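*Asks:* Everything below, folded, please.
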Amino acid sequence: MHIVRFVAPPAGGFPLPAGPVQANGSTDQEVRGHADEANESAVGVTDGVTVTELTGVSGIGEMLRLPAASLRERCVGAEGPRHDAAAVRLLPPVDGHMEVWAAGVTYHRSREARVVESERAADVYQQVYEAERPELFFKSAAWRVTGDGETVAIRTDSGIDVPEPELGLVVNRHAEIVGYTVVNDVSSRTIEGENPLYLPQAKIYLGGCAAGPAIRPAWEITDPYDLDITLTIRRDGAQAWTGSAATSLLQRRFDDLVRYLFRADDFPDGVVLATGTSLVPDLPFTLLAGDEIIITITDVGTLTSRVVSGKAAMSWLSATVAEPPPSSQSSIRH
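*Replies:* Numbering: from 1, shown residues only. A predicted model of the protein is given here:
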C-alpha cells in the first residue's frame, strides 16, 4: 500500500500538453494547474492498480494531524471512489502547512564529501558527524516541492550542483514516524563549499527539492535500516553517473533525528524529514540542464526528476500556488 496525493482525470481525460512533455505525458503546468486551480486534488491509498480515494480528507497535512493508530485505521479501511492508478496524476506527498526538513552529515560518505569541498572549514563537518546533536536544517515549504516527473533546478550562480537521494521520514504532528518517501535534496556544492554559513543558499531555492511519488506506511516497512538506495543520472540518453548505498550505513537513528526536530518546535500538519545522503558524485561532476535524475529506494518508490537551469525555468511552480484551506475547516479531528 502507498498513500498518494493525486488528481483524477476529468471527463475526456487530461488536456493534450502544450509545452515540454514530462515523463508522465503532460506538462508540469498542466498537472499542477489542474490540481490547484480546479481544487480537485485528493488523497487516497493505492495497491499499484487501483487508487481508493479517502473521502472527507482535504490533504496529506490533514491526515498527519491524526495519531499513528488512527491514521493506519483510516488507510487500511479505506472506502471511497476508485480510480485506475495508471490514469491519475500523482502530486508531491506534501501540502498545506507541511514543511520539508533535512539532516546533514549522517553518513560517512557525506562527511567525506563535505570535507573535500570545504577547504577552509573541513573540521566543522567532522565535528558534526561525531556530535550528539545532529545537523538539522529547513529545506522547503510544501508549495516549493516538486513531484515525480516534474522538474528540479540548478542555480545559475553555482558551478557544481548535485542531487542528494535521501530516505524521507513522514512524521505526524505527534512526532510519530508514520511513513517513508523519497526525497531529492538538490544542493550547490560550490556555494556550500565556499563557506558552511552559506548552507541556506546552497540548499533552499525554487526547484531545490523534490519528493514522492508516494508515502509508504511505516507499518509496512519491516526494517527501515535495511533499505537499498540507488541514484542514476542520465544525460543525452546515456548513463552519466550511478551509485548505490543502503540505510544500514546511517550514523544516526531515525527516532533521534525526530526527537531533536521536535525538541523546540511544532508541526501541526506534520513534516517530512530527509535523513541525509551517502551518494555524492565525486568532484567535479555536476548536473546539467536536461539531465534526468532517477532515485529508487527499496519498498518505498522511485522518484524521477528532469533538470532545468535557473529560477525562470521554475516559474510555473510559483504561478500555480493556491491558498490552502484554513485548518479550521478540517473534517478530521485528532
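*Asks:* Only C-alpha atoms from now on, for both contacts and neighbour counts.
*Replies:* Noted.
*Asks:* Now for H83: which residues touch it?
*Replies:* By C-alpha atoms under 8 Å, 6 or more residues apart in numbering, H83 lies in contact with 8, 50-53.
*Asks:* which of those has the most neighbours?
*Replies:* V51 (26 neighbours; other C-alpha atoms under 10 Å).
*Asks:* list the contacts for it?
*Replies:* Per C-alpha under 8 Å, 6+ apart, neighbours of V51: 44-45, 82-85.
*Asks:* Now do the strands in the stretch 101-250 of the chain.
*Replies:* Taking DSSP state E, counting those that start in this stretch as the criterion, the stretch 101-250 of the chain contains strands spanning 135-141, 151-154, 161-162, 165-171, 177-185, 187-188, 209-217, 228-235, 238-246.
*Asks:* coming back round to it: make JSON lines out of the contacts of V51 and add secondary structure, distance to L287 and pLDDT.
*Replies:* Output for the contacts of V51, formatted as JSON lines (DSSP: H, G, I helix; E, B strand; the rest coil; distance: C-alpha to C-alpha, whole Å; pLDDT from 0 to 100):
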{"residue": "G44", "secondary structure": "strand", "distance to L287": "34", "pLDDT": "97"}
{"residue": "V45", "secondary structure": "strand", "distance to L287": "34", "pLDDT": "98"}
{"residue": "R82", "secondary structure": "strand", "distance to L287": "39", "pLDDT": "95"}
{"residue": "H83", "secondary structure": "strand", "distance to L287": "37", "pLDDT": "94"}
{"residue": "D84", "secondary structure": "strand", "distance to L287": "35", "pLDDT": "96"}
{"residue": "A85", "secondary structure": "coil", "distance to L287": "32", "pLDDT": "96"}
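*Asks:* Now a ChimeraX select for only the buried ones of these.
*Replies:* Typed into ChimeraX, the next command selects the buried ones out of the contacts of V51 (criterion: 16 or more other C-alpha atoms under 10 Å):
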select :44,45,83,85
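*Asks:* between the contacts of V51, which is closest to T106?
*Replies:* Distance to T106, by C-alpha to C-alpha, is smallest for V45 among the contacts of V51, at 31.3 Å.
*Asks:* Quick check: closest non-adjacent residue to the closest one.
*Replies:* I3 (4.5 Å; C-alpha to C-alpha, 6 or more residues apart in numbering).
*Asks:* Could you verify that that neighbour is part of a strand?
*Replies:* Yes - I3: assigned to a strand according to DSSP: H, G, I helix; E, B strand; the rest coil.
*Asks:* which residues touch it?
*Replies:* The neighbours of I3, taking C-alpha under 8 Å, 6+ apart as the test, are 43-46, 75, 214-217.
*Asks:* what about it, distance to T50?
*Replies:* I3 is 12 Å from T50, where distance means C-alpha to C-alpha, to the nearest Å.
*Asks:* Next: T277.
*Replies:* Separation of T277 from T50 (C-alpha to C-alpha) stands at 32 Å.
*Asks:* just V307 next, same as before
*Replies:* Distance from V307 to T50, by C-alpha to C-alpha: 30 Å.
*Asks:* do the same with G237
*Replies:* Using C-alpha to C-alpha, we find G237 at a distance of 32 Å from T50.
*Asks:* mind listing the helices for the protein?
*Replies:* Along the chain, counting by DSSP state H, helices occupy 28-37, 60-63, 68-76, 108-117, 122-130, 189-194, 199-203, 254-261, 315-319.
*Asks:* Could you tell me the least trusted of those?
*Replies:* Ranked by mean pLDDT, the helices of the chain bottom out at helix 28-37, with a mean of 51.
*Asks:* Any stretches of the stretch 51-200 of the chain with poor pLDDT?
*Replies:* The stretch 51-200 of the chain contains residues with pLDDT under 70 at 108-122.
*Asks:* With that, I have no additional questions.
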